[in-house]
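Chemist: Here is the input, now give the coordinates:
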Amino acid sequence: MTDDRAKEEIAAEIERLQRLQGEIRRLSSAKFVELEALAELFTWLDEQRSLRGTGCVIGRSQTGKTVACRVYALRNRPRTAKGDAIAVLHLRLPPACSARTLYGHLLERLDGPIPPSADLAALRQVTLDALGDRGVRLLLADNATAQSLRLLQELRYLAEVGNLAVTLIGTPKLTSLLAKDGELASLFQPRHWLAPLQGEAFVQAVDRWETEVLKLPEPSDLSRREVLPTLMEASDGRIGHLDRILRRAAIRALRQGLRTLDQATLETVVQDYRSGRD
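Modeler: Sure, this is the predicted structure:
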């Protein structure tokens, strides 16, 4: 082999590795796919915002609640100067969040001044003022299942006094939590249920992921009959699991030099998802 031939092969290999790393970086970044079920959620949230109504978005883990609500908030927030109106605010609450922590996080997101030594009543009022000044109409309070009734009462206060649409986001356990307080259970209605994908909706989701997220050099035909049961079993119809399974499998396929995602490579990934469902 001549030196020139060796240099050409080395250059070609470097180029191949660079392309591979670029594809891996692309696949490592989550992409939002607006499925029909999520479009229906967006329409429901539009109604909540227009009516300034309270309610809940409920679904099992990994069904897409948090990602969809975050995207909805971003789409309804103008990318303009600091201090402009925020129509929708998505807030991921830490577990067992205290009232002071709630108001501190809200003020931070609203770019409002956080009084260093204010009592709870003063902090509550400053937050209400900031919400009004920034034009917030819908607050999406995520991880509501992990909160105390006292914290949910604070959110109720914001809704009623601030004329603010507050929507709680949580798992089915949220219904049991709200049932412990009749007023809360009555207030946080209606409830939008986001269920795992089934039937044709699951088939369409798999097709969309192959064409919009994976985008491998050659078609994988993932919605073919012999692959679908494997994907359904592993993902349990949950968008979050399906997304991670397919992106991880695609990365493994590319590292093996494949131009498509074959069932053997897919099987190596789904082994980790066959148990442990909540």
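Chemist: where in this protein is pLDDT low?
Modeler: 1-2, 4-18, 20, 22, 78-84, 274-278 (pLDDT under 70).
Chemist: where along it do the helices fall?
Modeler: Using DSSP state H, the helices of the chain run over 3-28, 36-51, 65-75, 99-109, 120-133, 149-161, 173-179, 182-187, 199-209, 228-235, 239-255, 263-270.
Chemist: which of those is buried the deepest?
Modeler: Using mean count of other C-beta atoms under 10 Å, the stretch among the helices of the chain with the largest mean neighbour count is helix 239-255, at a mean of 21. Placement of C-beta: from N, CA and C, glycine included.
Chemist: Quick one: residues in contact with that helix.
Modeler: Contacting residues not belonging to helix 239-255 are listed as 20, 23-24, 27-28, 30, 35, 61-64, 67, 197, 205-206, 209-210, 213-214, 216, 222, 231, 234-235, 260-262, 265-266, 268-270, 273 [C-beta atoms under 8 Å, 6 or more residues apart in numbering].
Chemist: again, but for stretch 53-60
Modeler: 41, 44-45, 47-48, 65, 69, 140, 144, 156, 159, 165-172, 174-175, 178, 187-196, 238, 278.
Chemist: C-alpha coordinates for that stretch, CSV please?
Modeler: Provided in CSV are the C-alpha atoms of stretch 53-60 (Å, rounded to 0.1, in the frame of the first residue of the first chain):
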residue,chain,number,x,y,z
GLY,A,53,-59.9,27.5,34.9
THR,A,54,-58.2,25.2,37.4
GLY,A,55,-57.7,21.5,36.5
CYS,A,56,-55.3,18.6,36.3
VAL,A,57,-53.3,16.8,33.6
ILE,A,58,-52.9,13.2,34.8
GLY,A,59,-51.0,10.3,33.3
ARG,A,60,-48.6,7.5,34.3
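Chemist: distance between that stretch and the chain's centre?
Modeler: 14 Å (C-alpha atoms, centre = their mean, to the nearest Å).
Chemist: OK, contacts around E226?
Modeler: By C-beta under 8 Å, 6+ apart, the neighbours of E226 are Q263.
Chemist: how about the residue nearest to the spatial centre of the chain, what does it touch?
Modeler: The residue lying closest to the centre of the chain (C-alpha atoms, centre = their mean) is V67, at 1.3 Å. Residues near V67 by C-beta under 8 Å, 6+ apart: A30, F32, I239, G240.
Chemist: just those now: which is nearest L152?
Modeler: G240 (25.0 Å; C-beta to C-beta).
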